[in-house]
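Q: 3D model of this:
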Amino acid sequence: PGAMPDIEHFQRGIAGADTNVAIGLARLGFHVGWLSRVGVDSFGDYLRRTLEAEGVDCRHLIHDAEHSTGLVFKERAFGGADPRVEYFRRGSAASHLSPDDAASVDFSAARHLHATGIPPALSASCRELSWHMLDQARRHGASISFDPNLRPSLWSSQDEMRETLNAMAAKADWVLPGLAEGQLLTGRVSPDDIAGFYLERGAKAVIIKLGPEGSYYRGVLDGHEASFSMAGVEVDEVVDTVGAGDGFAVGVISALLEGRSPREAVRRGNLIGAEAVQVQGDMEGLPSRQRLAELEDDLSSMD
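A: Predicted structure coming up:
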């Protein structure tokens, strides 16, 4: 704990919105593939071993001999505050991803694609890969979820960020922004208006993260468009807020892929998001299928 200039010892872990969702879905029994690049270095080896141990299919993880694995340092914050983060990822192996890296992906075997706004922020070639993945998934009939995961400092301008990510969101079935993200991307204020922006552009449902207050859904419900809010799950202590939105995405996506109702999906999203913030680390709090069943049973008994 403390300010980074004063810290001498660090704990190693995996960070990243895409990996958090991959691990979370794999822990729930889904067959998840992850496409990326890492360096031919100890961090790259650690990433592959850890992901494979979590059950993630890493056949599309490329080891890049010319560029190193990206690195991030995160302070430990207290009292539920968002921790300060420093990135060392410029020129990383992952920033050199391109559509060529997806040449061996069998899109006909893919049921669902989860995409975020981080790869398109890293480089022009990463952006081309993001478009390629979205287009191929759509062409082969896979459902698509999109979490903007804004990283404004990585973009040349906010206008470019808005235009690109809103166009990518228009390719998705389920759009999952945070409230502040939605406000910045759409210029609209209320959850209902933000959701309307993406529904007008082709999304089937928009699920907006509201932090401790819970979440908001607008989309198709029982054959008709409907909307509702669902209160968040209270926790005794917030240890680490990073990864909460990814836990929420794991809950929503897993439930919808299982054919659960939107209310059940949003409820599960809130539940896993609450689990994620109660432990140190980005993905350490994501539950197994057995743990999730226990949590959902406990929540039901409280209703």
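Q: quick one: end-to-end distance for stretch 83-94.
A: 24 Å (Cα to Cα, to the nearest Å).
Q: what are the contacting residues of it?
A: The set of residues external to stretch 83-94 that reach it, using Cβ atoms under 8 Å, 6 or more residues apart in numbering, is 4, 36-39, 44, 62-64, 67-77, 95, 119, 122, 126, 240-242. Heads up, the C-betas are built off the backbone N, CA and C, glycines and all.
Q: let's go with 7 Å and repeat that
A: Outside stretch 83-94, the residues that touch it by Cβ atoms under 7 Å, 6 or more residues apart in numbering are 4, 36-39, 64, 67-77, 95, 122, 240, 242.
Q: cool, and stretch 147-167?
A: For stretch 147-167, contacts defined as Cβ under 7 Å, 6+ apart pick out 17, 116-118, 120-122, 127, 169, 176-177, 181, 184-185, 245, 249.
Q: at 6 Å instead, please
A: Residues from elsewhere that reach stretch 147-167 (Cβ atoms under 6 Å, 6 or more residues apart in numbering): 17, 116-118, 120-121, 176-177, 181, 185, 249.
Q: now the strands for this protein?
A: Per DSSP state E, the chain carries strands over the ranges 36-39, 61-64, 71-74, 85-88, 112-116, 143-147, 174-175, 205-209, 215-221, 224-230.
Q: deepest-packed of the ones you listed, please.
A: With neighbours defined as mean count of other Cβ atoms under 10 Å, the strands of the chain peak in mean count at strand 174-175, which reaches a mean of 28.
Q: how many other residues sit next to the closest residue to residue 14 other than its chain neighbours?
A: Counting by Cβ to Cβ, 6 or more residues apart in numbering, residue 50 is the residue found nearest to residue 14 once chain neighbours are left out, at 5.7 Å. For residue 50, the neighbour count with other Cβ atoms under 10 Å is 17.
Q: pLDDT weak spots in the stretch 151-300 of the chain?
A: Applying pLDDT under 70 to the stretch 151-300 of the chain flags no residue at all.
Q: and the helices in it?
A: Along the stretch 151-300 of the chain, the segments classed as helices by DSSP state H, counting those that start in this stretch run 158-169, 179-186, 191-200, 244-257, 262-276, 289-302.
Q: looking at those, which is closest to residue 221?
A: For the helices of the stretch 151-300 of the chain, distance to residue 221 was read as Cβ to Cβ. The smallest value, 5.4 Å, belongs to helix 262-276.
Q: gap between residue 258 and residue 240?
A: 28 Å (Cβ to Cβ, to the nearest Å).
Q: more neighbours, the two?
A: Applying other Cβ under 10 Å to residue 258 and residue 240 shows that residue 240 carries more neighbours, namely 21 against 12.
Q: excluding its backbone neighbours, what's nearest that one?
A: What sits nearest to residue 240 in space, not counting adjacent residues and going by Cβ to Cβ, 6+ apart, is residue 280, at 5.1 Å.
Q: gap between residue 80 and residue 245?
A: Residue 80 sits 15 Å away from residue 245, taking Cβ to Cβ as the criterion.
Q: those two: which has the busier surroundings?
A: Higher neighbour count among residue 80 and residue 245: residue 245, with 25 against 14, using other Cβ under 10 Å.
Q: give me the nearest residue to that one, chain neighbours excluded.
A: Of all residues not flanking residue 245 in the chain, residue 209 sits nearest, at 5.5 Å (Cβ to Cβ, 6+ apart).
Q: is it true that the one you found touches residue 177?
A: No - at 7.2 Å, residue 209 does not count as touching residue 177 under the criterion of Cβ atoms under 6 Å.
Q: next up, the contacts around residue 102.
A: Residue 102 makes contact with residue 132, according to Cβ under 6 Å, 6+ apart.
Q: test my guess that residue 38 contacts residue 44.
A: Yes - assessed by Cβ under 6 Å, residue 38 is found in contact with residue 44 at 3.2 Å.
Q: what do those two both touch?
A: residue 69.
Q: and for residue 52, the neighbour number?
A: 14.
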